[in-house]
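[1] no sequence for this one, just the structure:
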């Protein structure tokens, strides 16, 4: 058997043990396995997804949050629609009229924007706190607007003035084009940060919207939880070299010297680009990597020690924490850090050169790392130079237990690890209608109350989903064989449990010639893909079509004869 070798596009596969040509598979010990296609789960967000996160509540249930450029949303687990939960702003008044008019000076809304009202007293009769309404195009002006229950629907009438101060979910200063939201959970609190606003907090037990985190923390682009501290980095100038943390178990304490809250300005190594959390933290700078270790009882709160110099972080959203290790993309390539260890290159002479040759470094926000906790695989999505603006178009998978890579052709706006929220059959009906065929997830078995996380993302249509559909079309090629004698290839037997398989041969006469490809043939009744190719150099090509149910593909058993002469 000629195996489908290890995916190493950085090196030549001529007479080698590796392959540079596989797609839409994941590593296995016996070769490669299938990749499920992305399946939509939620309704569409208002705009492109710019960050996503799931939190676990005390009862084990799951809450999913997502951000667009200027807003935050929470997924309604019953309807799979998005509820605005951005920080609220007080309105001037809501009229007692038909239709009701909301007065709000220089409001940011456009037609069909979703909004949610709240109040310190009672809303005018006709409006309900917590209900999603839509800004009406009719009557929309710079300082006032009306709302409807559906986008483009009839405007709401009110029959009283209500009482107290009325508020509406607002917008934030928009993200920069190269940034994303970051989220973290600390007990019952979910934090959301981006560089242009104060850190936001949502109490899972009581909040209906995010609010500014108390204690005057700095605006920060990145957040992590280290030990029992909230740690912020990516702090605005002139504090770009600073790492700042909250009090111990005190998320609203940010005054240095209070409850062990403090900060540290790093004197060398450049700007702080991100941090990985855990029992101890890993600080990534332009040119250094440091470890921060909690040191109770010592004169300092965190001991900050150098791990590696002349190394750093290429893309801030490429950091992945998986079990007891961290992964990231440095300017030198893909790296891994195990507890107490030093950065280990995992992509050198494998995928690093290929990655750097095709990645669009002008879109660092689309270089996104994610973990699949059900496996030992981590994934990096990125936009290639030929990709569509605002979307990634390729994913690299690394299985750190098998130490093997694979590429996946997939597009989207964001990649993340999410747990699937529980969904009742009534919720299925509400979200997808009476026709069960409208259900666009892998199967009803995917609907569970168990908070097991898995690989997920946001599609180009702003819908959140999971990689749980039918298998993607897979292509696998062997390393190139031959060169010493001319051969006649009569066919080959694909070593796979797929029922429907197609085979072809790529061939050429010299190492300097371009390859040609033979006509593709289906596997026949005896499991062989017939071919008729006379050549000096050849490789087998196997294609398993989309939707095919299979588990492994290991290689091919070729049928060939050596031709006369040299």
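    Great, that's in hand. Just so you know, these numbers come straight off a predicted model, no measurement behind them.
[2] wait, residue 412 sits on residue 38?
    Yes: contact between residue 412 and residue 38 holds when scored by C-beta atoms under 8 Å: they sit 6.9 Å apart. (Glycine included, C-beta is placed from N, CA and C.)
[3] Give me the common contacts of those two.
    457, 459 (C-beta atoms under 8 Å, 6 or more residues apart in numbering).
[4] Who has more neighbours out of the two?
    More crowded of residue 412 and residue 38, by other C-beta atoms under 10 Å: residue 412, with 24 against 21.
[5] which phi and psi does the more buried one have?
    When read as degrees, to the nearest 10, the backbone of residue 412 gives phi 170, psi -180.
[6] got the contact list for it?
    38, 381, 391, 392, 457, 458, 459, 460.
[7] Generate a PyMOL selection restricted to the buried subset of those residues.
    Those of the contacts of residue 412 that count as buried under 16 or more other C-beta atoms under 10 Å are selected in PyMOL with:
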select buried, resi 38+381+391+392+457+458+459
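[8] Please flag which of the contacts of residue 412 sit within helices.
    In helices, judged by DSSP state H, none of the contacts of residue 412 are found.
[9] Grab the nearest non-local neighbour of residue 308.
    Using C-beta to C-beta, 6 or more residues apart in numbering and skipping the chain neighbours, the partner closest in space to residue 308 is residue 289 (4.5 Å).
[10] typo on my end, residue 24
    Closest residue in space to residue 24, ignoring its immediate chain neighbours: residue 472 at 4.1 Å, by C-beta to C-beta, 6+ apart.
[11] Number of residues surrounding that neighbour?
    23.
[12] For the residue nearest to residue 308, list the residues it contacts.
    Counting by C-beta under 8 Å, 6+ apart, residue 289 has contacts 282, 283, 306, 307, 308, 311, 312, 313, 337, 343.
[13] Quick check, the fourth one in contact with residue 344.
    No: the pair formed by residue 307 and residue 344 falls short of the contact definition of C-beta under 8 Å, at 11.6 Å.
[14] what residues do these two have in common as contacts?
    By C-beta under 8 Å, 6+ apart, the residues touching both residue 307 and residue 344 are residue 337.
[15] Okay, domains of the protein per the record?
    Residue ranges for the domains of the chain, per automatic domain parsing: 2-23+481-562, 88-171.
[16] looking at those, which is closest to residue 273?
    domain 2-23+481-562 (25.2 Å; C-beta to C-beta).
[17] Return the list of strands paired to the helix or strand hosting residue 184, each annotated with direction.
    Element membership of residue 184 [criterion: DSSP states H and E] is strand 182-186. According to DSSP bridges, strand 182-186 forms sheet pairs with strand 189-193 (antiparallel).
[18] Okay, buried residues for the following helix or strand past the partner strand please.
    The helix or strand immediately downstream of strand 189-193 is strand 200-203, counting by DSSP H and E. Within strand 200-203, the residues that count as buried by 16+ other C-beta under 10 Å are 200, 201, 202.
[19] Quick one: name whatever helix or strand follows strand 200-203.
    strand 211-212.
[20] Which parts of the stretch 251-400 of the chain are strands?
    Secondary structure of the stretch 251-400 of the chain (DSSP state E, counting those that start in this stretch): strands located at 262-265, 272-276, 281-285, 288-294, 302-309, 320-322, 325-330, 333-337, 344-345, 368-372, 377-382, 394-399.
[21] Those strands into JSON lines, with extra columns for distance to residue 500?
    Converted to JSON lines, those look like this (distance: least, C-beta to C-beta, whole Å):
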{"stretch": "strand 262-265", "distance to residue 500": "59"}
{"stretch": "strand 272-276", "distance to residue 500": "43"}
{"stretch": "strand 281-285", "distance to residue 500": "46"}
{"stretch": "strand 288-294", "distance to residue 500": "48"}
{"stretch": "strand 302-309", "distance to residue 500": "48"}
{"stretch": "strand 320-322", "distance to residue 500": "34"}
{"stretch": "strand 325-330", "distance to residue 500": "35"}
{"stretch": "strand 333-337", "distance to residue 500": "34"}
{"stretch": "strand 344-345", "distance to residue 500": "39"}
{"stretch": "strand 368-372", "distance to residue 500": "27"}
{"stretch": "strand 377-382", "distance to residue 500": "26"}
{"stretch": "strand 394-399", "distance to residue 500": "24"}
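[22] Can you read off the pLDDT for residue 421?
    Residue 421 carries a pLDDT value of 82.
[23] So it sits against residue 62, correct?
    Yes: look at residue 421 against residue 62 with C-beta under 8 Å: they come within range, at 4.6 Å.
[24] what residues do those two have in common as contacts?
    residue 77.
[25] Let's verify the closest residue to residue 516 other than its chain neighbours: helix, strand, or coil?
    Leaving out its chain neighbours, the residue that sits closest to residue 516 by C-beta to C-beta, 6+ apart is residue 507, at 6.0 Å. On the three-state scheme (DSSP: H, G, I helix; E, B strand; the rest coil), residue 507 is labelled strand.
[26] what about residue 507, neighbour count?
    Neighbours around residue 507, by other C-beta under 10 Å: 22.
[27] Check the gap between residue 116 and residue 107 for me.
    Separation of residue 116 from residue 107 (C-beta to C-beta, to the nearest Å) stands at 14 Å.
[28] Comparing these two, which residue is more hemmed in?
    Between residue 116 and residue 107, counting by other C-beta under 10 Å, residue 107 is the more crowded of the two (23 against 20).
[29] how about the nearest residue to that one, chain neighbours excluded?
    Using C-beta to C-beta, 6+ apart, the closest residue to residue 107 is residue 145 (6.4 Å).
[30] from memory that neighbour sits against residue 136, does it?
    Yes: using C-beta under 8 Å, residue 145 makes contact with residue 136 at a distance of 6.8 Å.
[31] Among these two, which residue is more densely surrounded?
    Neighbours per residue (other C-beta under 10 Å) separate residue 145 from residue 136, with residue 145 holding more: 26 against 22.
[32] re earlier: return the set of residues that bridge with the residue nearest to residue 308.
    With DSSP bridges as the rule, residue 289 is bridged to residue 284, residue 308.
[33] Count the residues that sit near the closest residue to residue 164 other than its chain neighbours.
    The spatial neighbour of residue 164 that comes closest, neighbours along the chain excluded (C-beta to C-beta, 6+ apart), is residue 121 at 2.2 Å. Residues lying near residue 121 (other C-beta under 10 Å) number 9.
[34] who's in contact with residue 121?
    162, 163, 164, 165.
[35] Backbone dihedrals for the nearest residue to the second one once chain neighbours are set aside, both of them.
    Leaving aside its sequence neighbours, residue 163 sits nearest to residue 121 (C-beta to C-beta, 6+ apart; 3.5 Å). In this entry, residue 121 is assigned phi and psi values of phi -130, psi -110 (degrees, to the nearest 10).
[36] Quick check: residue 121 vs residue 129, distance?
    Taking C-beta to C-beta, one finds residue 121 at 10 Å from residue 129.
[37] One more: residue 253?
    For residue 253, the distance to residue 129 - C-beta to C-beta - is 31 Å.
[38] higher neighbour count, the two?
    residue 253 (20 against 13).
[39] Isn't that one up against residue 261?
    Yes: counting by C-beta under 8 Å, residue 253 touches residue 261, with 5.0 Å between them.
[40] Now the common contact residues for these two.
    Residues touching both residue 253 and residue 261 by C-beta under 8 Å, 6+ apart: 246, 247.
[41] where are the low-confidence patches of this structure?
    Applying pLDDT under 70 to the chain flags residues 422-451, 565-566.
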